[in-house]
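>>> return a 3D structure for these sequence lines:
(2 chains)
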Amino acid sequence: MKKIALLLSLVMLTSVFAAACGTSTKPDSTTAEGTTTAADGTDATAAPAAEQNLVVNVGPDPDTIDPALNSAVDGATLIIHAFEGLYTLDDKGTPIPGQAESVDISDDGLTYTFHLRDGLKWSDGQPLTANDFVYSWNRAISPDTAADYAYMFEAIKGFDEGKLDVTAKDDKTLVVTLNSKTPYFLELTAFPTFSPVRQDIVEADPESWATKVDTYIGNGPYKMTDWVPGSYITYTKNENYWNYAALGPDTIKFVLMADDASILNAYMNGDILFADSMPNDEISTWQDKADFHKQGQLGTYYVSFNVTKAPLDNKLVREALTLAVDRDYIAVQIGQAGQVPAGAFVPIGMTDAEAGKEFRDVGGDYFDPTASGYAANLQKAKDLLAEAGYPNGEGLPTLEYLYNEGTGHQQIGEALQSMWAEIGVKVDLVSQEWSTFLNSRKNGDYEIARNGWLADYNDPITFLDMWITGSGNNDAQWSNAKYDDLISQVKASSDPAERMKLMHQAEDLIFDDWMLCPIYYYVDIYLQNPKVEGVWSSPLGYKYFMYAKITE
Amino acid sequence: MSKFILKRLGFAVLTLAIVITMTFFLMYLIPGGPFLSEKAPTQATLDALNAKYGLDQPVYIQFKNYVVKLFEGDFGMSLKQRGRTVNDIISTKFPVSAQVGGLSIIVAVLVGIPIGSYAALHRGKFWDRFFNVLSTTGIAFPSFVMATVLIVLFSVYMKIFPSYGLEAPINYVLPVLSLAVYPMAYISRLMRSSMLDVLGQDYMRTARAKGVSQFRILFKHALRNAVLPVITYLGPLIAYTLTGSFVVEQIFTIPGLGKEFIKSIMNRDYPLVMGTTIFLAAFVILMNFIVDIVYKIVDPRIKLN
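Have a look, this model is predicted:
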């Protein structure tokens, strides 16, 4: 007894530990029979003749991979492998037939008749019909579903009434009626929210069906065979997929890492062959290597002015602040990934009405954002400030620049602070924790704030729509009747050239008023092991691994 | 003893009630909400979500609903990890954290106690000073530095240990080590000073004078008394370590509970904040209770009441 007593502190320890060990290391894992997954990461380098197991990182544990609920880029990547819409995107970002074989578009551009492929099946072998799309799209807009992306369906007639004008003429024919001509509608059908889901499965467990391997039934090229939350998700080729023979890796293992430094370590180790993010200060080391990939992303990093707060209610002050920013310095010294200094709001890469032309080519810049234009901009900024009645910033109160915690945002804040000091404007930096920051910014409880916007689809309206009066994303609290009118005209217009013209006019209004200060257009950077081929990234940043090959 | 247990149980319930009430109301004072993101959802979506999770009710009604559910053993649904219940998250992630944390405590105790005792017995000699430097360094090194150094050394350069996950036993080595260093260093210092204290007592001299062997003196008389401060330290340590470390789990991609504590607060995932807080509080209370009992066994002179 006495000897035991001595060691009781240890016993106490081990008993708790043993209790914990009672459950397996992979508590939530339900590996499907017969599938072998890359157990220790080294399988990733298996010979090409053997099974190809691709191990990648696109993000941490996704909040949801229910196609209707997801609004995250990494979640979208997971969804496009397990589901497929009527159309899908090729490596150029162009919509190509997916579940649909072809589409007939009526002359007025309002009616789309999709013809589904023969013999389509879900990953559990059940037949897929046009009715599945009718159900899924209506589910996505239902208030019970409460989907962030419900508004993506607003182009379809009946959206406002909560009953979409989408009908299955027969099992293989889906007819969709739109409110107005929507040039990007085929692209929308490739968007994850437009994926079909299985009615019987969703209704049997509406909350949790998308969290379990057994019920995560899709119609995409891959199917989920394992998910250990916080650790990894494994996908295996779906033998019921129509294009099964052309698929690449036998398994794709998505490692759910969250820490940039750990991701880079795992990449350098060869544990993962693809990394969708990396620490900012490592970019310069990697950017000349074959691993480093850079691609345009439809998004803009910008600064919001709260136009209701003095002195920012003065358009001249806003213009002066906008012109005083050295964007080249921020892109090159802080961003480091090849971000493009922005001289407008709608980013490069957005297409215009005329084939081969970008919206930005047609619209041009509103000021010269390059290094060579900086000196002239700075002089003009000083003149504007004087004109506003604040020569050299005299008489201006100290302004507050609000940003969320994070190294990059802070560095940009510091750069802006010193650039604005050049024209005599004093700015205090205030950092807030993410959720608090979002709350302050949304409620207009700030003076100047960091902001950013990523496109939902390749059409400028996804950037312009947000500035209408009262919009939930109108952080500037801006209101311009003429602008609101232009946007409603855009939405009603069925002539593509006319739409674009109106949208250019709308963007002109933004910069007539200088209600925001663009900084740079985003780029998407990732590391991809040179022995992996055939991976591509969509303009929205979704990664396509289904046709990848691992070569030696 | 039974009177003592009853009294402690009463205090435990009271403490938990206070923790639940305070956390619940303080949580709602933090600005922000669970459904915000860079792209704000439309007002219609926001209303639908708030209605769905009962967040459109006044806070005191929400509190009442929460407590009622709690009595049924239901911690509710996570607001952020759509489709997962808080019970599910805790019951799948706690065992993972507990394994890594439990191993690290065993390592810390098995190494820390002998080192501390040895240093005390050889006070002022080379090994005492050597371990002193080592334990000071161990205490000064934060676990995230330790973890990063270990990964760079053993997994990037030497490629001996994998850098992430917990799929094979070998994966445990680096995270367990990163977690063990601090308590190991702390225990060895605690052990050294309390051992020195005990060795200077009169009854030790008496034992030596009676010719009791050095081994018996050490293990039967000295260690037993010297280990008491370590037990005090171990109680809360076990509770905090077994429930996971945010930093180490983040760096090694371990699907543990530690990450959920921090993430749930950042996400304003109210039910998960409550669930993890109640779980941790109950665990700390339980461990302190066990420590008291163990105390009584190790040193019968201690009166529990």
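
>>> the most centrally placed residue in chain B is in what secondary structure piece?
Centroid-nearest residue in chain B, with CA atoms, centre = their mean: residue B:240, separated by 1.3 Å. Using DSSP states H and E, residue B:240 sits in helix B:228-242.

>>> other SSEs contacting the helix or strand following that helix?
Next helix or strand after helix B:228-242 toward the C-terminus (DSSP H and E): helix B:246-252. The helices and strands touching helix B:246-252, judged by 3 or more CB pairs under 8 Å, 6 or more residues apart in numbering or on different chains; DSSP states H and E, are helix A:260-269, helix B:143-150, helix B:173-199, helix B:257-267. C-betas here are computed from N, CA, C, even on glycine.

>>> give me the contact list for helix B:246-252.
Defining contact as CB atoms under 8 Å, 6 or more residues apart in numbering or on different chains, one finds that helix B:246-252 is touched by A:258-259, A:261-262, B:97, B:100, B:142-144, B:147-148, B:151, B:163-166, B:171, B:174-175, B:178-179, B:254-256, B:258-259, B:261-262.

>>> picking up where we left off before, wait, what's in contact with the residue nearest to the centre of chain B?
Residue B:240 neighbours (CB under 8 Å, 6+ apart): B:280, B:284.

>>> tell me the pLDDT of it.
Residue B:240 carries a pLDDT value of 90.

>>> buried sites along stretch B:270-285?
Residues of stretch B:270-285 classed as buried: B:270-281, B:283-285 (neighbour count, 16 or more other CB atoms under 10 Å in any protein chain shown).

>>> where does the chain dip in pLDDT?
The chain I'm using is chain A. Applying pLDDT under 70 to chain A flags residues A:1-49.

>>> my bad, chain B
By pLDDT under 70, the low-scoring segments of chain B are B:304-305.

>>> so the residue in the stretch 151-300 of chain B that chain A sits nearest to: helix, strand or coil?
The nearest approach of the stretch 151-300 of chain B to chain A comes at residue B:255, 2.9 Å away (CB to the nearest CB). Put simply, residue B:255 is coil when judged by DSSP: H, G, I helix; E, B strand; the rest coil.

>>> give me the neighbour count for it.
Per other CB atoms under 10 Å in any protein chain shown, the neighbour tally for residue B:255 reads 26.

>>> around chain B, pick out the residues from the stretch 451-552 of chain A.
Within the stretch 451-552 of chain A, the positions adjacent to chain B are A:452, A:453, A:454, A:472, A:473 by CB under 8 Å from any CB of the partner chain.

>>> looking at these, spot the one nearest residue B:34.
Nearest to residue B:34, judged by CB to CB, of these is residue A:472 at 15.8 Å.

>>> what about residue A:367, how many residues nearby?
Using other CB under 10 Å, residue A:367 is surrounded by 19 other residues.

>>> longest helix in chain A, by number of residues?
Secondary structure of chain A per DSSP state H: the longest helix is helix A:496-513.

>>> moving C-terminal from it, which element do we reach first?
Note on helix A:496-513: by DSSP H and E, the next helix or strand toward the C-terminus is strand A:516-528.

>>> I figured residue B:62 hits residue B:54, correct?
Yes. With contact defined as CB atoms under 8 Å, residue B:62 and residue B:54 form a contacting pair (6.2 Å).

>>> so which residues on the stretch 151-300 of chain B come close to chain A?
Contact residues (CB under 8 Å from any CB) of the stretch 151-300 of chain B with chain A: B:151-152, B:155-156, B:159, B:162-168, B:219-220, B:223-224, B:227, B:230-231, B:234, B:238, B:242, B:250-256, B:259, B:266-268, B:290, B:294, B:297-298.

>>> mind giving me the PyMOL command for buried ones among these?
To isolate the buried ones among these in PyMOL, judged by 16+ other CB under 10 Å, type:
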select buried, chain B and resi 151+155+162+163+164+165+166+167+223+224+227+230+231+234+238+242+250+251+252+253+254+255+256+259+267+268+290+294+298
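
>>> burial of residue 183, as a residue count?
No chain in the question, so chain A it is. By the measure other CB under 10 Å, the count of residues near residue A:183 is 16.

>>> that's the other chain; I wanted chain B
The burial count for residue B:183: 25, using other CB under 10 Å.

>>> what helix or strand does the closest residue to it other than its chain neighbours sit in?
Beyond its immediate neighbours in the sequence, the residue positioned closest to residue B:183 (CB to CB, 6 or more residues apart in numbering or on different chains) is residue B:108, lying 3.9 Å away. Per DSSP H and E, residue B:108 falls inside helix B:86-121.

>>> following that helix, which helix or strand shows up next?
Assigned by DSSP H and E, the successor of helix B:86-121 is helix B:126-140.

>>> against which helices or strands is that next one packed?
With contacts defined as 3+ CB pairs under 8 Å, 6+ apart, the packing partners of helix B:126-140 are helix B:86-121, helix B:173-199.

>>> Provide a list of residues in contact with the residue of the stretch 151-300 of chain A at minimum distance from chain B.
As assessed by CB to the nearest CB, chain B sits closest to residue A:230 within the stretch 151-300 of chain A, at 2.9 Å. Under the criterion of CB under 8 Å, 6+ apart, the contact list for residue A:230 reads A:60, A:61, A:256, B:93, B:253, B:254, B:255, B:256, B:259.
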